[in-house]
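Chemist: I'll drop the sequence and a predicted model, then ask my questions.
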Amino acid sequence: MNNLELEHIKHDVKVGDKCCNKTANITEDTLFTIDGEPVGFYIKSVSGKMKQLLEISNKEFRGDNVPKSVMKRASGVEQYSTIIGSIPASPMQRRPYPSISSVHRKKKARNFIKAMMLLCRESETLIKKHLPNIYKKQKQVMNENTAKRWRFSDLYTSSISNYNISANYHRDTGNLKDTVNVIFSKRFDSEGGYLDVPDYGLTIECSDNSMICYPAWKSIHGVSPIIPHSEGGYRNSLIFYPLKGFDK
């Protein structure tokens with residue numbers, strides 16, 4: 001695995017700006033460090049049990065067993081998403097209390113949920129290996145802030161899977177601080193959908209079967225447009241994250 005010491009650079013990107021087409025400059029396994037301390041990593045292609053679970057999760061997500069929220073956007077590309085795990089309170093939506101995603105009540109979605117939970121646990125073994133201090137800190141943060149009933153795993157509360165969805169620049173301000181997200185990618189016959197982090201001049205390619213571990217609460221980031229090369233082309237992201245709002 002390559003080691004890349006990150007240096008903060010000046011840029012004029014703001015929250016809400018559109019993430020345009022990018023050329024990836026991170027295309028190999030890379031450990032990201034700041035002042036010599038590991039803060040994240042990119043694995044181009046996971047293997048073994050993790051790859052098998054990712055394949056199952058992606059297949060189930062794209063199939064008919066898992067309910068989706070369909071996006072109606074001007075891009076002309078089919079887009080949808082699914083949230084599982086815990087959902088924080090949202091008074092604006094007349095839901096002043098946290099809840100578990102309704103997908104968990106769908107019997108046909110059980111294989112998807114089980115595969116995703118196992119995939120999440122497998123990802124935590126790599127975080128513990130490559131980011132031992134962050135693993136320890138995130139586990140502590142979860143123990144101090146999140147009741148057990150709302151935990152998807154030791155390090156996460158929730159998950160979202162996105163089909164062909166790019167994103168404007170943003171920070172994950174709903175996440176617990178001092179934590180990292182995990183982003184798995186599945187793709188076929190497509191380009192784009194790269195994770196761009198302008199604070200450090202990073203554009204990560206998100207190849208098929210890849211894994212990114214990244215502090216999404218801390219730095220502004222966006223996802224470039226996804227361009228299928230055929231009718232069946234796509235890029236999926238399967239993401240795990242630790243949300244605020246589930247106090248003990």
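Modeler: All right, it came through fine.

Chemist: What pairs with the lowest-mean-pLDDT helix or strand in the chain, parallel or antiparallel?
Modeler: Lowest by mean pLDDT, DSSP states H and E among the helices and strands of the chain is strand 69-71, with a mean of 87. Pairing partners of strand 69-71, with direction, according to DSSP bridges: strand 79-87 (antiparallel).

Chemist: Now the strand it pairs with: buried residues?
Modeler: Buried positions in strand 79-87, judged by neighbour count with 16 or more other CB atoms under 10 Å: 79-87. Every C-beta, even on glycine, is put in place using the N, C-alpha and C of the backbone.

Chemist: contact partners of the least confident helix or strand of the chain?
Modeler: With CB atoms under 8 Å, 6 or more residues apart in numbering as the contact definition, strand 69-71 has outside contacts at 79-83, 165.

Chemist: Contact partners for residue 77?
Modeler: Applying CB under 8 Å, 6+ apart, the residues near residue 77 are 164, 226, 228.

Chemist: An error on my part: the question was meant for residue 63.
Modeler: Residues in contact with residue 63 (CB under 8 Å, 6+ apart): none are found.

Chemist: Look up phi and psi at it.
Modeler: phi -90, psi -170 (degrees, to the nearest 10).

Chemist: Give me the local confidence score for it.
Modeler: Listed pLDDT for residue 63 reads 96.

Chemist: again, but for residue 209
Modeler: So residue 209 comes in at 98 (pLDDT).

Chemist: so what's it closest to, chain neighbours aside?
Modeler: Once flanking residues are discounted, residue 209 sits nearest to residue 45: 4.5 Å by CB to CB, 6 or more residues apart in numbering.

Chemist: Look up how far residue 97 lies from that neighbour.
Modeler: Plainly put, residue 45 is 41 Å away from residue 97 if you go by CB to CB, to the nearest Å.

Chemist: Between those two, which is the more surrounded one?
Modeler: A side-by-side neighbour count of residue 45 and residue 97, using other CB atoms under 10 Å, places residue 45 first with 13 against 10.

Chemist: element containing the more buried one, please.
Modeler: Under the criterion of DSSP states H and E, residue 45 resides outside all helices and strands.

Chemist: Could I get the contacting residues of it?
Modeler: 51, 207-210.

Chemist: Could you identify the buried members of these?
Modeler: Among the contacts of residue 45, those scoring as buried are 51, 207, 209-210 (criterion: 16+ other CB under 10 Å).

Chemist: Which neighbouring elements make contact with the helix or strand hosting residue 111?
Modeler: Using DSSP H and E, residue 111 sits in helix 110-130. Under the contact criterion of 3 or more CB pairs under 8 Å, 6 or more residues apart in numbering; DSSP states H and E, helix 110-130 touches strand 37-43, helix 48-62, strand 79-87, helix 132-145, strand 158-163, strand 181-188, strand 210-214, strand 234-241.

Chemist: tell me which residues of that helix are tucked away?
Modeler: Neighbour count says helix 110-130 has 111-113, 115-124, 126-128, 130 buried, by 16+ other CB under 10 Å.

Chemist: still on that earlier bit, name the nearest of the buried ones among the contacts of residue 45 relative to residue 58.
Modeler: Distance to residue 58 across these (CB to CB) is lowest for residue 209, with 9.3 Å.
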